[in-house]
Structures are given as structure tokens and as C-alpha cells.
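Peer 1: this is a predicted model, with the sequence first.
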Amino acid sequence: MIILNMPYTMDPLESFSKFQHLKGAIFLDSNPIPDLVWPTGTGRYTFITALPEDIFIFRNDNPFSFLKGFLQRQKKNHHPDLPPFQGGLCGFFSYDLYRFLEDIPKTHADIDFPDCCLGVYQTVLAWDHELKKCYLMSHNQSQVGDFLQILEQNILKQPVNPIERPKIHSDHTKESYVPLIEKVRQYIEEGDVYQINLARRWTCQLNYLDKRFDLYQLLRKKNPAPFSTFMNFDPTYILSSSPERFLKVIDRHVETRPIKGTCRRSMDLAQDLCNQNSLRSSAKDQSENVMIVDLLRNDLSKVCKSHSVKVPALFDLETYQTVHHLVSTVVGVLDEPYDLIDLLTATFPGGSITGAPKVRAMEIIRELEGVARGPYCGSAGYISFSGAMDTNILIRTFCIHQDTLSIHAGGGITYDSSPEMEFDETEAKAEAMLKTVGHT
């Protein structure tokens, strides 16, 4: 592998602006900013990759068995002193891939999102924000020159202008969403499930197709988060400012960090502290969090070594621009017979955005939401040739296909849920995204 030391002072966002128009260009953006400190173990690395040697796009085909074989043929040595994404697969998995993992029919899709888009990347530009170092790593010598040439381009920095306000359609108003929550509570009362993650959707037609990267820059400013990403799989784009890690693997050590429990931020400091304390002490949110932690412990136990699955952190409070979250951490050690694709299929989609028990929860989501989620609540990130992986949960995300943009927000419904408060939680989660497209 070719390794070049690059100046850490290069700005990742400005650097990616030189790649963003290229099909297959991906920005895995930890978005380190002075005003917010990301939780320990997150936000250390930022990656840019582009010029894929191939792009795999799956529609109505199961990608997992293909990817398992592909990665087995592509194994490369891991360099432990370098950032962990050292070339490999990068892209997204849509939520609706559940149908290849469980006996649940496909949900009606009114937007033609692919089920999965993954590029094969030989060259990665990586920032290590902890060590203040930057590297260009490549398994393709000729591509190194291409990357350097692109980085040397002088592009006039344009101001990020406000986005022209589109007409946004919401699938559910309060009057139509609250009865769905009551239906979930009925299912819980009847013993079908313990909780359901129920989502709302907003859609609009884009009249600024050349402004997707501007839209991303506005989103990351309004809702900074450590698992952000911009992915150009033209005509499909993912613009995410996700705060949630799905799966991280280093040296077969697995970590997942489910979010369950959310409340609004307040501009008033005293009220904001009050909101934090209410979230910390909320029996409903703690109960919801524990159910998902147990679900993920069970999922990890399918492929991790016996007794290695542990919960080192429960109910940690994390603060973001518009909300506070309760976040737990579940870890394990991948057992020898299993690889990264086995781990992915054992856990996908993430339990924090389905409910418990998982399969019945997904059946009810399909019934009540009525349309396919697409990339929302799926996962985006990298699977390195060297055996490392890091992926997010695709929440706080603009999903774009051709000229249609979709926004989702949801929350965990339990029997103790207040329908009005659950509706307000979706409004709080969607607020930054709706403001970004000029809706409020």
C-alpha cells in the first residue's frame, strides 16, 4: 500500500468540494467543531474517497452473499497505526433489505431508491483528528496522482446560499399520526410487541439539483454530528448528519451505540438543564433503552464469542445542536467462524430503529407506515479490505433520488407513550432538516 503524509491543515470540507461532483465520491465526515465535543470514541476520523473501480447497485437482489464472497477475495493487510478505512467498500444499505433477512414481504416503494449502493475504493484520504495527522492511502499507484491533481485544483470558494424553499408534503399530520401511535399501543397491550419505532415522512421536489452539496453544508451546520456523510451515487444521493453509530469493528472487536430517549434543547440554560435531568430520570426512556440494548445483545450474541457481549455504558447523555439523547454502548468480540457480512446480517437493520421483538416490530412498521423507508434507518459507512468497519444509522438524513428528496423522523413508542409528546419528538428531530430546506 502507498502511504503519503499530507498536511493536516487541509480543510476536509473544502477538500471534498473538489470531489463532490464526481459519481462515487464519498465524504465520511466526523465534522469536528469547537462548540461541541463528540462522545469518547466517536468523531476521531474523517475520510474522503472517490474514483471507485466499480460501483455495485442492488435492486431486488440480495447483496449479502455476493459481498461475502467479494470481500473474501479482496483481503489485505491491516496497518494498525493508520486510520482504519484503508480501501474497501463504501456506501449505503437501505432499510428495506430486511426482506432478504426475514420472511417479511417488500413494502410498497413510491420512490425508486436502490436497495444498496457500494463503491469499490482503492484510495482514501484520511484525517486523524486525535493525532492531528492526515494520510493519503492507496492500493493503486496511478490513482494517487489523480487524487493529488484533484486536490491541487484551485476552486473559487462560493458562499453557501440559502436554499430556495420548496413545497414540502408531510405524509402525516398530527391528526393522522396520533391514531397510528394508539394502534401501536393496542399491539403492545395485546402482547405482540414491547415497543415500535414509528416514523413520519416529508417529501419535496428539488428545484436546485446543482445545490445538493450546498444543502449538505447547511445541514451539517444546523445539525452537526459525528457520523455525517455525503454520498454521490448519481442519481441517488445521501446527505446525512447522523449522531448514531450502528457497527464499528476493529481487530474483531465490535461496538454498537443505540440511541433511545430524546428531548429538545432549549435556548434557556436553566430550562435546558431541566430537560436533561428529565430525560436522565425518565422511566419510560430508560425502559425503552434497555429493551433495545437487550435486543442488540441478542443480535451480537449470534456471531460474537460466548460471554464477550457486554454493556460498558448505559443511559449516557449526549448533547447535540437541537436535541439531547440517551445512548448506550454494547460491545462484543466477533467469533472466529464469522466475518463482517455475517455480523451485518445478524444485526441489520439496527434494533434502535425497529423495536422489540424485532421481526414483529418490522411487520407492524410495514403495516402502519405504508411506504418503503428506502435508505432511512438503513446504514452508511465503510467495510475496509483490512477487516475494519464503521457504519452509522441513517437518521437525520436527506435521501435524494433524481429530483425527489425525502426526510424522515421517528420515535420509539411504548405503552406509556403520550401520543402528543411522541408527535412533538418527531417534530424536534426533523426541525434542523426542515429548516435546512427553508420550511420553517
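Peer 2: Looks like it came in fine.

Peer 1: thought Ser228 was touching Ser30?
Peer 2: Yes. Look at Ser228 against Ser30 with CB atoms under 8 Å: they come within range, at 7.2 Å. Where C-beta positions appear, they are placed from N, C-alpha and C, glycine not excepted.

Peer 1: more neighbours, these two?
Peer 2: Using other CB atoms under 10 Å, the more surrounded residue of Ser228 and Ser30 is Ser228, with 26 against 21.

Peer 1: doesn't the more buried one lie inside a strand?
Peer 2: Yes. Counting by DSSP: H, G, I helix; E, B strand; the rest coil, Ser228 falls inside a strand.

Peer 1: nearest residue to it in space, ignoring adjacent ones along the chain?
Peer 2: Asp29 (4.2 Å; CB to CB, 6 or more residues apart in numbering).

Peer 1: could you pull out the helices in this structure for me?
Peer 2: For the chain, the helices defined by DSSP state H occupy 12-17, 63-73, 141-151, 174-189, 212-222, 269-280, 283-301, 340-347, 358-369, 419-436.

Peer 1: possible to save those as TSV with mean pLDDT, distance to Cys377 and mean neighbour count?
Peer 2: Converted to TSV, the helices of the chain look like this (pLDDT from 0 to 100; distance: least, CB to CB, whole Å; neighbours: other CB atoms under 10 Å):
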stretch	mean pLDDT	distance to Cys377	mean neighbour count
helix 12-17	96	25	18
helix 63-73	93	17	15
helix 141-151	95	33	15
helix 174-189	94	16	16
helix 212-222	91	17	21
helix 269-280	89	22	13
helix 283-301	91	13	20
helix 340-347	97	13	21
helix 358-369	96	9	20
helix 419-436	88	12	19
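
Peer 1: between those helices, which gets nearest to Ala109?
Peer 2: Across these, Ala109 has its closest neighbour in helix 358-369 (11.6 Å, CB to CB).

Peer 1: which helices and strands sit right next to the closest one?
Peer 2: Where contact means 3 or more CB pairs under 8 Å, 6 or more residues apart in numbering; DSSP states H and E, helix 358-369 is packed against helix 174-189, strand 195-205, strand 355-356.

Peer 1: where does Val34 land on pLDDT?
Peer 2: For residue 34 the amino acid is Pro, not Val. Per-residue confidence (pLDDT) for Pro34: 60.

Peer 1: helix or strand with the lowest mean pLDDT in the chain?
Peer 2: strand 259-264 (a mean of 84; mean pLDDT, DSSP states H and E).

Peer 1: how far away from the center of its chain is that one?
Peer 2: Per CA atoms, centre = their mean, to the nearest Å, the displacement of strand 259-264 from the mean C-alpha position of its chain is 16 Å.

Peer 1: try stretch 380-399
Peer 2: The answer for stretch 380-399 is 7 Å, by CA atoms, centre = their mean.

Peer 1: what pLDDT, on average, does that stretch get?
Peer 2: Stretch 380-399 comes out at a mean pLDDT of 96.

Peer 1: same thing with stretch 79-86?
Peer 2: 94.

Peer 1: contacts for that stretch, please.
Peer 2: Contact with stretch 79-86 is made by 1, 3, 28, 45, 47, 49, 76, 78, 124, 126-128, 135, 137, 250-251, 382, 384-386, 388, 390, as judged by CB atoms under 8 Å, 6 or more residues apart in numbering.

Peer 1: end-to-end on it?
Peer 2: Stretch 79-86 has an end-to-end distance of 8 Å (criterion: CA to CA, to the nearest Å).

Peer 1: show me which positions of it end up buried.
Peer 2: 82-86 (16 or more other CB atoms under 10 Å).

Peer 1: could those residues be laid out in a markdown table, adding distance to Lys68?
Peer 2: Converted to a markdown table, these look like this (distance: CB to CB, whole Å):
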| residue | distance to Lys68 |
| --- | --- |
| Leu82 | 25 |
| Pro83 | 25 |
| Pro84 | 20 |
| Phe85 | 19 |
| Gln86 | 20 |
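
Peer 1: among those residues, which pair sits farthest apart?
Peer 2: Leu82 and Phe85 (9.2 Å).

Peer 1: just the pLDDT at the residue nearest to Ser228, thanks.
Peer 2: pLDDT, read off for Asp29, is 96.

Peer 1: quick one: it from Ser301, how far?
Peer 2: 32 Å (CB to CB, to the nearest Å).

Peer 1: swap in Glu255?
Peer 2: 15 Å.

Peer 1: what does Lys260 give?
Peer 2: Using CB to CB, we find Lys260 at a distance of 19 Å from Ser301.

Peer 1: with Val309 instead?
Peer 2: For Val309, the distance to Ser301 equals 5 Å [CB to CB].

Peer 1: overlap in contacts, the two.
Peer 2: Gly332.

Peer 1: report the angle between the least confident helix or strand of the chain and helix 419-436.
Peer 2: Between the axis of strand 259-264 and that of helix 419-436 there is an angle of 80 degrees, by axes from the mean of the first three to the mean of the last three CA atoms, to 10 degrees.
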